[in-house]
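> Sharing a model that was predicted from the sequence below.
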Amino acid sequence: MLKSLMGALLTGCVLFSAAAQAQDIKIGFPGPVTGPVSFLGQHMKWGAEQAAEEINRRGGVLGRKVSFVMQDSMCRPADSVAATERLLSQDKVDVVLGDLCSGATLALMPVIEKAEKPMIVSISTLPEITQKAGAGGNKWVFRSVPNDIMLANVIAKQMRPYKTVAFVAEDTDYGRGAIKLLKEKLSPDIKILSEDYVKQSETDFLPVFTRLRSTKPDAIGVYMLDQQGANLMKQYAQFGLTAPLVGRPPLVSPLVNDLLATGKFNGSWTVYPYYDKYSSPENDAFTKPFNDKNKQPPHYVAYGIYESMLIAADAIKRAGSTDAGAVREALLKTNYKGILGQVRFDANHQSHNNLMYMLVEGGKLGVKDLVSGQ
């Protein structure tokens, strides 16, 4: 009787151990399922799921499948904190990916630090995230996307031919922070005629355009996410302005393809971490299956989260475990071959990927150059 009981217990332990080992490796993301930027959240979900499918087709990681779990943050700080806490306590994720909006990512960083769970930021670009990570104090946060200082370095160089510029940006950490950094980098020979910051819910840009038509800037520096940026571009075209949109207008977005085709935005340009039309074998291997499955090209946010999923899986494989500390140590030693080159992290856990300078010519956006943000 005792032997039978012991045998049953041992069998149960073996089965429990096997079941535990068979559990998926979970990578979680607090992002906008609903709200004004849910379009971007959908692309991030598609990009992450594609990465998980590719990893699992190759046999997974450590003999286990990788799964992607998303909780709705609406891209708002308080909601992002709540979404992250659900991912950690309810979904039991092994790695977290930072939110889309920088303010939301900043808000959840202390949660990650308290939980001692690795996080990779793949979209948010506010420099303060880098400043607070790694040598800055939070040893659990890594960033795989260039930050706004790196972007500002490149954008300021491209703006040198202009004598006057006006700025129109969303009234967020992203918009205000990016303009502040760019002003520090701009040549003193460039005169800033005006700065307008608009709420993300704002849809009427005619008062701003009326003023810009009278001041006639050489260029209009735009810092907005897709939906609002597309609305701005529609009204710009209707209003008959001719100054190029420069900086970070959402020229890469599928929402503006028809607008670009009109030719009214020829001469406009942007600097982005990624564009799906970039031609290379590595990028084709990402974009073709994405297009085939989702019937539209990937937004750059899809690329960002796709690569961060692969970087996380690579770190877990090298760590030989999902133990948080072991994964963090593996991330420190990352040397991952990404679509745009090698991904490595510096003392502040910031990667230094190439950026794309893109120009609208003949009604189409094209990559003119790969540039470093140093």
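Looks like it arrived, so ask away. Numbers count the residues shown, from 1 in each chain.

> mind listing what the most centrally placed residue in the chain touches?
The centroid of the chain falls nearest to I123 when counting by Cα atoms, centre = their mean (1.7 Å). Under the criterion of Cβ atoms under 8 Å, 6 or more residues apart in numbering, the contact list for I123 reads M44, G98, D99, L100, V145, V301, G304, I305. To be clear about C-beta, it is placed using only N, CA and C from the backbone, and glycine gets the same treatment.

> how far away is it from V208?
The spacing between I123 and V208, counted by Cβ to Cβ, to the nearest Å, is 27 Å.

> List the residues that contact T262.
Neighbouring residues of T262 by Cβ under 8 Å, 6+ apart: A237, G363.

> Check the gap between it and K364 for me.
11 Å.

> cool, and A230?
Relative to K364, and taking Cβ to Cβ, A230 is found at 17 Å.

> Comparing those two, which residue is more hemmed in?
The residue with more neighbours, out of A230 and K364, is A230; 21 against 13, by other Cβ atoms under 10 Å.

> Just to check, the more buried one is in contact with S253?
Yes: in this structure, A230 is within contact of S253 by Cβ atoms under 8 Å, at 6.5 Å.

> For Q90, grab the count of nearby residues.
For Q90, the count of nearby residues is 11 (other Cβ under 10 Å).

> can you check A237 too?
A237 has 13 nearby residues by other Cβ under 10 Å.

> returning to what we had before: just the ones of the contacts of I123 in helices?
Within the contacts of I123, residues falling in helices by DSSP state H are M44, V301, G304, I305.

> Quick check: phi and psi on K337?
Note on K337: its backbone torsions stand at phi -80, psi 100 [degrees, to the nearest 10].

> where exactly do the helices run in this structure?
Remark: helices assigned in the chain by DSSP H are 2-22, 38-57, 77-89, 102-115, 127-131, 148-158, 173-185, 206-215, 226-239, 257-261, 281-294, 300-319, 324-332.

> mean pLDDT lowest for which of these?
Of all the helices of the chain, the minimum mean pLDDT falls on helix 2-22 (a mean of 44).

> tell me the contacts of D314?
Contacts for D314 were tallied using Cβ under 8 Å, 6+ apart; they are A330, T334, Y336.

> need those residues in TSV with distance to L193, can you?
Shown next, in TSV, are the contacts of D314 (distance: Cβ to Cβ, whole Å):
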residue	distance to L193
A330	49
T334	43
Y336	43
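
> Closest one of those to A133?
T334 (13.9 Å; Cβ to Cβ).

> Identify the residues contacting that closest one.
Counting by Cβ under 8 Å, 6+ apart, T334 has contacts F142, I311, D314, A315, V343, R344, F345.

> thought G304 was touching P146?
No: applying Cβ under 8 Å as the test, G304 and P146 come out as separate, 10.3 Å apart.

> out of those two, which sits in the busier spot?
More crowded of G304 and P146, by other Cβ under 10 Å: G304, with 28 against 24.

> show me what contacts the residue lying closest to that one once chain neighbours are set aside?
Nearest non-adjacent residue to G304, counting by Cβ to Cβ, 6 or more residues apart in numbering: S122, 4.0 Å away. Counting by Cβ under 8 Å, 6+ apart, S122 touches L97, G98, R143, S144, V145, G304, I305, E307, S308.

> Of the residues you listed, which is the nearest to N354?
Nearest to N354 among the contacts of S122: V145, at 11.5 Å, using Cβ to Cβ.

> Could you check how far M44 is from G177?
M44 is 21 Å from G177, by Cβ to Cβ.

> what about the two, which has more around it?
Shown here are M44 and G177; by other Cβ under 10 Å, M44 has more neighbours (29 against 22).

> was I right about that one contacting V33?
No: contact status for M44 versus V33: not in contact, 9.9 Å apart, counting by Cβ under 8 Å.

> what about P273, how many neighbours?
For P273, the neighbour count with other Cβ under 10 Å is 24.

> ditto for N335
N335: 10 surrounding residues under other Cβ under 10 Å.

> List the contacts of it.
Q342, V343, R344.

> Mind putting the ones in helices among the contacts of I123 into TSV with distance to G221?
As requested, those are exported to TSV (distance: Cβ to Cβ, whole Å):
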residue	distance to G221
M44	26
V301	21
G304	23
I305	27
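
> separation between I149 and Y357?
17 Å.

> of those two, who's got more company?
Shown here are I149 and Y357; by other Cβ under 10 Å, I149 has more neighbours (21 against 17).

> Which residue, other than its chain neighbours, is closest to the more buried one?
Excluding its sequence neighbours, the residue lying closest to I149 (Cβ to Cβ, 6+ apart) is P127, at 4.9 Å.

> pretty sure that neighbour contacts N153?
No: look at P127 against N153 with Cβ under 8 Å: they stay out of range, at 11.5 Å.

> per-domain residue ranges of this structure.
For the chain, the domain assignment from automatic domain parsing gives the residue ranges 23-146+281-343, 149-272+356-371.

> which one of those lies closest to Q350?
Q350 sits nearest to domain 23-146+281-343 of all those, at 4.5 Å, using Cβ to Cβ.

> And for K199, the neighbour number?
The number of residues packed near K199 is 10, by other Cβ under 10 Å.

> Do I have it right that it meets A169?
No: assessed by Cβ under 8 Å, K199 is found out of contact with A169, at 11.2 Å.

> picking that back up, if any of the contacts of N335 are buried, give me the PyMOL selection for them.
Buried members of the contacts of N335 can be picked out in PyMOL with the line below, counting by 16 or more other Cβ atoms under 10 Å:
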select buried, resi 343
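
> Filter the contacts of N335 down to just the ones in strands.
Residues of the contacts of N335 located in strands (DSSP state E): Q342, V343.

> Now for the ones in helices among the contacts of I123: which two are most distant?
For the ones in helices among the contacts of I123, and using Cβ to Cβ, no pair is farther apart than M44 and G304, which are 7.6 Å apart.
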